[in-house]
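A.B. asks: what's the 3D shape of this:
(chains A and B)
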2 protein chains.
Amino acid sequence: MDPTTKINIPESTRERIVIIGGGFGGLQLARKLTRKDLYQVVLIDKNNYHQFQPLFYQVAMAGLEPSSIVFPFRKLFQGKKNIFIRVTEVTSIDPIKKTLQTPLGFCNYDHVIIATGADTNFFGNENIAKYALPMKSVSEALYLRNNILDDYEDALTTPDYDPRQELVDIVIVGGGPTGVELAGSLAEMKKHILPKDYPELNIEEEVDIYLVQSGGELLKGFSAESSEKALKYLEDMGVKVLLNSRVTDFDGNLVHFNDGRSIPTQKVIWAAGIKGMPVDGLPETSVTYGNRLAVDRFGRVKDTENIYAVGDVAYMEEPNWPKGHPQVAQVAMQMGSNLARNFTNRIKGKEEVLFTYNDKGSMATVGRARAVVDVPKPKFQFGGFFAWLLWLLVHLFAILGTRNKVFVFINWVVNYINYNQSLRLIIKPKIKEL
Amino acid sequence: MDPTTKINIPESTRERIVIIGGGFGGLQLARKLTRKDLYQVVLIDKNNYHQFQPLFYQVAMAGLEPSSIVFPFRKLFQGKKNIFIRVTEVTSIDPIKKTLQTPLGFCNYDHVIIATGADTNFFGNENIAKYALPMKSVSEALYLRNNILDDYEDALTTPDYDPRQELVDIVIVGGGPTGVELAGSLAEMKKHILPKDYPELNIEEEVDIYLVQSGGELLKGFSAESSEKALKYLEDMGVKVLLNSRVTDFDGNLVHFNDGRSIPTQKVIWAAGIKGMPVDGLPETSVTYGNRLAVDRFGRVKDTENIYAVGDVAYMEEPNWPKGHPQVAQVAMQMGSNLARNFTNRIKGKEEVLFTYNDKGSMATVGRARAVVDVPKPKFQFGGFFAWLLWLLVHLFAILGTRNKVFVFINWVVNYINYNQSLRLIIKPKIKEL
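C.D. replies: Down below sits the predicted model:
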């Protein structure tokens, strides 16, 4: 591949819309745009599949297979003639020439949508970035799974108490939905699975799961009732929740806290923050809070032309959301839909529509029959078994593909009945050194 | 881990049997031995799961997930108190001291069973070993899958015909069941899936699948009828079968044949032969044809004491099999069972039993409704839809775990109905560089 040549995409009489990233926002946009043959759509993603982020933690905990929560783009767009999928990365954008650079070559655009999402934010701490485990892709979730299982295997042949503690204890940093869900499912794994798999280890006494939250409450942004319920659930399940605590450093064996305490562990899972991943080449003035791209209510990136952003990488203020929207799938999908409608309106000579977020509520699951749901209108909150059932249903229906839905459903049912998945596999594709 | 110390396994008053390798033979032995509490069993395997080799090719062809055809050892042996599983490699054996060396430390044994199986045989050709793709583990199958999909993605951005040919053509070497099954499912992928996933490529005209066989017939060891049927099936499906051809070299871009011909391709799948993988430290006189360990009818390795071998790594002659048994799962499982029985007999003061292979027949599948079955007693052969159905049933029942059976079954049914799996995913666990 020669990056100085033009990437091989057929020329078209239609305007070309390039979408960078096939997450919730980019994919929604692409699906709506390809229903009508008004534009040529180019979808660029690092992977050949869409990832269902809300269930990454179940992949990490060996509860689901990666293939059950991802879906190949090519299969999704089979039969659509106006979309061209390229599996590569956009390294920079040239807003003057209206081109994107990729390792496969450059690509010109008429309109480009930055839907690159967000990545883990280590807040500049290089040690933590080096040693802690992030979970922002299915690959990272799989790596985390392999890591946890490898360490329990190693613990078996580590007769001394102290080095064994480093292997079996797990520290999760970040009390948002991801951290809470991870801590909950690790607690269930500790209770139901590890004692059966590792009868040689004293799981009950030796394994500790810590959840570290810088603020005074879990699930920031949820109702106070939900935060308190989540805390109670986790503590009932044996998770050691450290509120008002911050991790200041981690050297791979010892994690340090702001109050001077430290915990010996080799595994720190970092779910403490995210930052936008805008593309290089945009004006500095386009980037705002959280490394996100400032966009107007039409999704247009500030100080640019024909460049849009949707989803986690976009920062949009609207009257009800003066500090921007939460970085969740719902916002991304609605932004994608709105932008698709506006592109259609544009061709049809209709007026473009301002984006308005329709908040359907928030939910987080902690464990079996333990979840919390906040509904905004009418405002109410509930938890427990029905919240958990609702969480399962909502996520099951949101997963792409019938086969995936069926497989996830069977996995959940089997897991509910026998508490005992069979996915604790350390599978790594063999790499051939050339 | 300190390899000079003793590996952490509790001492026992019972004799210790160490099984190296949890393939069909080793696993069968371990399962039978752990039913009775007569010995302490130690199972050592590189992976934490058993692999179902006969379906590797479906993993490579994105028809099944790795997790559907492997099963974690720990789950299999949950509740058994007399087995200790260690995920590591045996680097050497010391028959005098009766110890095994592993990276985790050394391990003493009273009896050791070498069930290490066989690996790809490149017949000493270093270029082929370096560039060709083997398929003797689920990791290698997954790597092969990623490789095939990556190359089709690359073909899209390769406008010139010749370099594109290297990416899309596939050469399979070896006309045994693995090669035949791979060629057949590649032909189906070419017909049903690739044109839908890659409408930009001219799949029908540009993609060629070659199957290379050194002898004059496919499926050596099967009946002449089966060999001929398999050839006819493959040719009907558009596979270019090259009989009486041998690959002499492969440089990563061009594969050379003994008749001077060559084919440009980057993908040569090597299924042309296997060789035993005995453990270092055994007497040279123990090793015989195909790098296998010569064993007597009790499985005892020649010129050793308390060392046994089962499965593909074992070479045993019996009156009906003067040149040894075929290296297949049936033989390995029966050897494992017989050895388990003899260990039990030994403790109970009963006489040990000679191994006799009960040949239940051979089968190979080529594609949808196309398979061949040879039954030895009464001797007959059949092919077509019923052979294919029988192949599916036999393999479905042989897979470990109810959940796996269900998932494989659903995948097969979905695939049968819509010809269109959704597993074409290039998923690689993210490796963190430390």
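
A.B. asks: can we go C-alpha only for contacts and neighbour counts from here?
C.D. replies: Noted.

A.B. asks: Partner strands of the host helix or strand of A:F71 and their direction?
C.D. replies: Using DSSP states H and E, A:F71 maps to strand A:70-72. Strand A:70-72 pairs in its sheet with strand A:49-51 (antiparallel), by DSSP bridges.

A.B. asks: Show residues contacting the helix or strand that the partner strand is followed by.
C.D. replies: Next along the chain after strand A:49-51, taking DSSP H and E as the criterion, comes helix A:56-60. The contact list for helix A:56-60 (C-alpha atoms under 8 Å, 6 or more residues apart in numbering or on different chains) reads A:64-66, A:135-138, A:141-145, A:178, A:181-182, A:185.

A.B. asks: quick one: pLDDT of the most centrally placed residue in chain A?
C.D. replies: With distances taken as C-alpha atoms, centre = their mean, A:Q53 lies nearest the centre of chain A, 3.9 Å away. If you check A:Q53, the pLDDT there is 92.

A.B. asks: That one: what's it in contact with?
C.D. replies: Applying C-alpha under 8 Å, 6+ apart, the residues near A:Q53 are A:K136, A:S137, A:V138.

A.B. asks: quick one: the spatially closest residue to A:R14 that is not a sequence neighbour and A:E11, what's the gap?
C.D. replies: Of all residues not flanking A:R14 in the chain, A:Y39 sits nearest, at 5.2 Å (C-alpha to C-alpha, 6 or more residues apart in numbering or on different chains). If you measure A:Y39 against A:E11 using C-alpha to C-alpha, to the nearest Å, the figure is 12 Å.

A.B. asks: So for these two, which sits in the more crowded spot?
C.D. replies: A:Y39 (21 against 9; other C-alpha atoms under 10 Å in any protein chain shown).

A.B. asks: Now do the helices for the stretch 301-434 of chain A: every range, in order, please.
C.D. replies: A:329-348, A:385-398, A:402-418 (DSSP state H, counting those that start in this stretch).

A.B. asks: average pLDDT for stretch A:367-374?
C.D. replies: The average pLDDT within stretch A:367-374 is 93.

A.B. asks: Also stretch A:287-298?
C.D. replies: Stretch A:287-298 comes out at a mean pLDDT of 97.

A.B. asks: does the closest residue to A:F407 other than its chain neighbours sit in a helix, a strand or a coil?
C.D. replies: Distances taken as C-alpha to C-alpha, 6+ apart put A:S68 closest to A:F407, at 6.5 Å, once the chain neighbours are dropped. Three-state call for A:S68 (DSSP: H, G, I helix; E, B strand; the rest coil): helix.

A.B. asks: Where does the record place the domain boundaries for chain A?
C.D. replies: A:16-120+A:275-348, A:126-270 (automatic domain parsing).

A.B. asks: Chain B contacts on the stretch 101-250 of chain A?
C.D. replies: Residues of the stretch 101-250 of chain A lying close to chain B (C-alpha under 8 Å from any C-alpha of the partner chain) are A:104, A:130-131, A:138-143, A:153, A:156-159, A:196-198.

A.B. asks: quick one: A:Q40 and A:R16 touch, right?
C.D. replies: Yes - using C-alpha atoms under 8 Å as the test, A:Q40 is close enough to A:R16 to be in contact (4.7 Å).

A.B. asks: and the helices of the stretch 301-434 of chain A, which is most packed in?
C.D. replies: helix A:329-348 (a mean of 20; mean count of other C-alpha atoms under 10 Å in any protein chain shown).

A.B. asks: gap between that helix and the chain center?
C.D. replies: 21 Å (C-alpha atoms, centre = their mean, to the nearest Å).

A.B. asks: who does that helix touch, helix- and strand-wise?
C.D. replies: With contacts taken as 3 or more C-alpha pairs under 8 Å, 6 or more residues apart in numbering or on different chains; DSSP states H and E, helix A:329-348 sits against helix A:24-35.

A.B. asks: List the buried residues in the helix it packs on.
C.D. replies: Across helix A:24-35, burial judged by 16 or more other C-alpha atoms under 10 Å in any protein chain shown covers A:F24, A:G25, A:G26, A:L27, A:Q28, A:L29, A:A30, A:R31, A:K32, A:L33, A:T34.

A.B. asks: List the residues that contact the first one.
C.D. replies: Contacts for A:F24 were tallied using C-alpha under 8 Å, 6+ apart; they are A:G311, A:A329, A:A332, A:M333, A:G336.

A.B. asks: try it again with 6 Å
C.D. replies: If you count contacts by C-alpha atoms under 6 Å, 6 or more residues apart in numbering or on different chains, A:F24 has them with A:A329, A:A332, A:M333.

A.B. asks: Please produce a markdown table containing those residues, extended by pLDDT.
C.D. replies: Shown next, in a markdown table, are those (pLDDT from 0 to 100):
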| residue | pLDDT |
| --- | --- |
| A:A329 | 94 |
| A:A332 | 97 |
| A:M333 | 96 |
